[in-house]
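J.: This is the structure alone, sequence omitted:
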């Protein structure tokens, strides 16, 4: 997990672990990210399924309820299937 900050935005990039592991790691360290808008970049993963995106749902809902943005970025998802 690579973390980069730019002002009030935190960008989290995933390299090799699964989406499930990434979500778990973000939840464990959430106290470090809770005050920032979050961008999660999954561009290094080969294919993203609907099940992978659903893994972020609880985290996303919690974060957005605090009036902070939560964005997942990937070019590996088939939006027609989602």
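T.: Perfect, thanks for sending it. Treat the numbers as computed from the prediction; the structure is a model and nothing was measured. Numbers count the residues shown, from 1 in each chain.

J.: which residues in this protein form helices?
T.: Along the chain, counting by DSSP state H, helices occupy 19-28, 50-54, 57-65.

J.: who wins for proximity to residue 7 among these?
T.: Nearest to residue 7 among those is helix 57-65 (17.1 Å), distances taken as C-beta to C-beta. C-beta here means a position set from N, CA and C on the backbone, and glycine is covered the same way.

J.: helices or strands up against that closest one?
T.: When contacts are defined as 3 or more C-beta pairs under 8 Å, 6 or more residues apart in numbering; DSSP states H and E, helix 57-65 packs onto helix 19-28, strand 70-73.

J.: Find the centremost residue of the chain, please.
T.: residue 40 (3.4 Å; C-alpha atoms, centre = their mean).

J.: so that one makes contact with residue 12?
T.: Yes - counting by C-beta atoms under 8 Å, residue 12 is a contact partner of residue 40 at 5.0 Å.

J.: anything in contact with each of the two?
T.: Jointly contacting residue 40 and residue 12 under the rule C-beta atoms under 8 Å, 6 or more residues apart in numbering are 22, 26.

J.: hmm, which helix or strand of the chain has the shakiest average pLDDT?
T.: Here the helix or strand of the chain ranked lowest by mean pLDDT, DSSP states H and E is helix 50-54, holding a mean of 87.

J.: quick one: buried residues of it?
T.: Neighbour-count burial for helix 50-54, counted by 16 or more other C-beta atoms under 10 Å, picks out 52, 53.

J.: try stretch 3-21
T.: The neighbour-count check on stretch 3-21 (16+ other C-beta under 10 Å) flags 10, 11, 12, 13, 14, 19 as buried.

J.: ditto for stretch 34-47
T.: For stretch 34-47, the buried set under the neighbour-count rule, 16+ other C-beta under 10 Å, comprises 36, 37, 38, 39, 40, 41, 42, 45.

J.: and if you look at stretch 26-35?
T.: Judged by neighbour count (16+ other C-beta under 10 Å), stretch 26-35 contains these buried residues: 26, 33.

J.: State the mean pLDDT of that stretch.
T.: The pLDDT scores in stretch 26-35 average 93.

J.: All good on my end, thank you.
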